[in-house]
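Undergrad: The sequence and its predicted three-dimensional model are supplied below.
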Amino acid sequence: MSFASPLFLWYFLPAVLAAVLIAPRTGRNAVVAVASLLFYASGAGGTTLLLLACIVVNYFAGLRLEPVEWGFERTRRRWVLIGTVSFNLAILAVWKYAGFATEQLAVLSSWFGGDFPVLELALPIGISFYTFHHISYVVDIYRGERPALRNPVSFVTYIAMFPQLVAGPIVRYREIADQLPQQRTHRLDDIAAGFPRFAWGLTKKVVIADTLAPMVDACFATPDEDMTFAIAWLGAIGYAMQLYFDFSGYSDMAIGLGRMLGFRLPENFARPYSSVTVTEFWRRWHMSLSRWFRDYVYIPLGGNRGGQARTYRNLAIIFVLTGFWHGAAWTYLVWGLFHGLLLVVERAFGWAHAPTDRRARLARRALTMLLVVIGWVFFRAPDLSSAFAMLGHMLVPDLDGLTDIVAASVTNQRVVFLLLALVVVFLPANAGTGPFLESVRTRQAYALRIAVLTAGLGYSGLLVATGSFSPFLYYQF
């Protein structure tokens, strides 16, 4: 079930909000937990059992991980943590990466005349996200940062909360632990604050991202022999805009839904295309993923302690993992390595800090955007050969225009929305529109809320009603 579907908007969401409003003060988590499992099962089918199995294992493991004073128990806790984290990673490895691994073994085997079988498993929706939630839960308890949840309903609420279950933001346990037992009384205020944020995200997704999708698909589907300079750049820039408005739109919807249910979920985007360095870009893009890798991988590896060589090694490890986290394909690995290399270069040459000179900042901002767009080609292309072919055409100008198929996808409406989307590249790098809609009580905020709730929501609702929407891009991860 997608947030941008009639089933969710007209039936599921109103029913859940009504249940939250009429439920007793202690019943909110139960409503959210049941609704979340139903939401997940509607799209995941039988793989819901895998989610439930992970929930059971991690719930009982958490009860055994709280800090103790004496030696034997400390050793036991360490082994419980190692076993639980290994279990979570094994689940992710089998269901997400086993098929890719057996494909590579089959290719290698064919070189020697063998026939290695390829394992084909359906990828459970949101497995990358709920695996990271489970690891955050057990590690935060082991570190003594938060106590384990005794109430299983509260634990299911944290893990399976439908606003963030299938595509984030990745909510670390420490960020939400204090919110789970609280029984809020201002439920209507939460709905009033969260609904404009949800409507803003729906507008970004349905009006902009989905409008650009056919044009971007046509560009990336163009064979190498028909690819041109214009098609390559149109596809790369169009995808940069589509991905941002699709994923940040989902995050806005998730944060707004969480607020309507009484939870404050962490921000996930902060104007990333306004970044002056690639280092800054990763502080602004998919921030919850960056924070997760920082806290649970980068810092335990040593972070930037131990000299430059170890720092560069740790950055490389993080971005290899970031690439493969997004998908089991060589394109994602190269995309991760590309960004890891850029961060190492910025650190090595002292470019990680933005210059103070205005002209230098503008030049570095343009360069950063160019590098990010180049990286998105690897992220979107179906394979490495297609990615390198497209990049080759981007680097060599020609006088050829668009093929008939691509030209047919470039309608006046899509050109207008692409130009509107590109405005985000030129906006200042301050707080985004989403937080402004949700929390700032000014005349400007109220005027923007009215515009979003009338024009934005009205047009989005019309598009959803006519079936003009597509699944969120991050559902595949």
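TA: Now that the structure is in, tell me what you want to look at.

Undergrad: low pLDDT regions in the stretch 151-300 of the chain?
TA: Low-confidence segments of the stretch 151-300 of the chain (pLDDT under 70): 182-186.

Undergrad: and if we set it to 80?
TA: Counting by pLDDT under 80, the ranges of the stretch 151-300 of the chain that qualify are 168, 182-187.

Undergrad: can you give me the helices in it?
TA: 152-160, 173-176, 187-203, 210-220, 229-260, 278-284, 287-293, 299-301 (DSSP state H, counting those that start in this stretch).

Undergrad: mind putting the ones you listed in CSV, mean neighbour count and distance to L418 included?
TA: Bear in mind the C-beta positions are built from the backbone N, C-alpha and C, glycine included. Listed next are those as CSV, based on neighbours: other CB atoms under 10 Å; distance: least, CB to CB, whole Å:
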stretch, mean neighbour count, distance to L418
helix 152-160, 21, 37
helix 173-176, 20, 35
helix 187-203, 22, 16
helix 210-220, 22, 6
helix 229-260, 25, 6
helix 278-284, 20, 21
helix 287-293, 20, 26
helix 299-301, 13, 40
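
Undergrad: got JSON lines for the ones you listed, with distance to G323 too?
TA: Formatted as JSON lines, the helices of the stretch 151-300 of the chain follow (distance: least, CB to CB, whole Å):
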{"stretch": "helix 152-160", "distance to G323": "25"}
{"stretch": "helix 173-176", "distance to G323": "25"}
{"stretch": "helix 187-203", "distance to G323": "26"}
{"stretch": "helix 210-220", "distance to G323": "19"}
{"stretch": "helix 229-260", "distance to G323": "15"}
{"stretch": "helix 278-284", "distance to G323": "13"}
{"stretch": "helix 287-293", "distance to G323": "11"}
{"stretch": "helix 299-301", "distance to G323": "17"}
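
Undergrad: nearest to L108, of the ones you listed?
TA: Evaluated over the helices of the stretch 151-300 of the chain, closeness to L108 peaks at helix 210-220, with 28.5 Å, by CB to CB.

Undergrad: Can you list the helices and strands that that closest one packs against?
TA: helix 229-260, helix 404-409, helix 412-426 (3 or more CB pairs under 8 Å, 6 or more residues apart in numbering; DSSP states H and E).

Undergrad: now that helix and helix 229-260, what's the angle there?
TA: For helix 210-220 against helix 229-260, the angle by axes from the mean of the first three to the mean of the last three CA atoms, to 10 degrees is 140 degrees.

Undergrad: Which residues does helix 210-220 contact?
TA: 4, 231-232, 234-235, 238-239, 241-242, 245-246, 380-382, 386, 390, 405-406, 408-411, 413-414, 417-418, 421, 463, 468-470 (CB atoms under 8 Å, 6 or more residues apart in numbering).

Undergrad: C-alpha coordinates for it, CSV please?
TA: Only the C-alpha atoms of helix 210-220 are listed here, as CSV (Å, rounded to 0.1, in the frame of the first residue of the first chain):
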residue,chain,number,x,y,z
ASP,A,210,5.8,11.4,-10.9
THR,A,211,5.4,14.0,-13.7
LEU,A,212,9.2,13.8,-14.4
ALA,A,213,9.3,9.9,-14.3
PRO,A,214,8.2,9.1,-17.9
MET,A,215,10.7,11.5,-19.3
VAL,A,216,13.6,10.2,-17.2
ASP,A,217,12.6,6.6,-18.0
ALA,A,218,12.7,7.3,-21.7
CYS,A,219,16.2,8.9,-21.4
PHE,A,220,17.7,6.0,-19.5
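
Undergrad: on that earlier part again, between the helices and strands packed on helix 210-220, which one is nearest to Y137?
TA: Nearest of the helices and strands packed on helix 210-220 (CB to CB): helix 229-260, 17.3 Å.

Undergrad: which strands and helices sit next to that closest one?
TA: On a contact count with 3+ CB pairs under 8 Å, 6+ apart, helix 229-260 meets helix 13-22, helix 187-203, helix 210-220, helix 358-380, helix 384-395, helix 412-426, helix 433-439.

Undergrad: how does it look with 10 Å?
TA: Secondary-structure packing of helix 229-260 (3 or more CB pairs under 10 Å, 6 or more residues apart in numbering; DSSP states H and E): helix 13-22, helix 187-203, helix 210-220, helix 358-380, helix 384-395, helix 404-409, helix 412-426, helix 433-439.

Undergrad: which stretch in those helices has the least confidence?
TA: When the helices and strands packed on helix 229-260 are compared by mean pLDDT, helix 433-439 comes last with a mean of 73.

Undergrad: how about the helix or strand following that one: buried residues?
TA: Next along the chain after helix 433-439, taking DSSP states H and E as the criterion, comes helix 443-451. For helix 443-451, the neighbour count (16 or more other CB atoms under 10 Å) marks 445, 448-449 as buried.

Undergrad: Just the angle for helix 443-451 relative to helix 187-203, thanks.
TA: Helix 443-451 runs at 70 degrees relative to helix 187-203, counting by the same axes, to 10 degrees.
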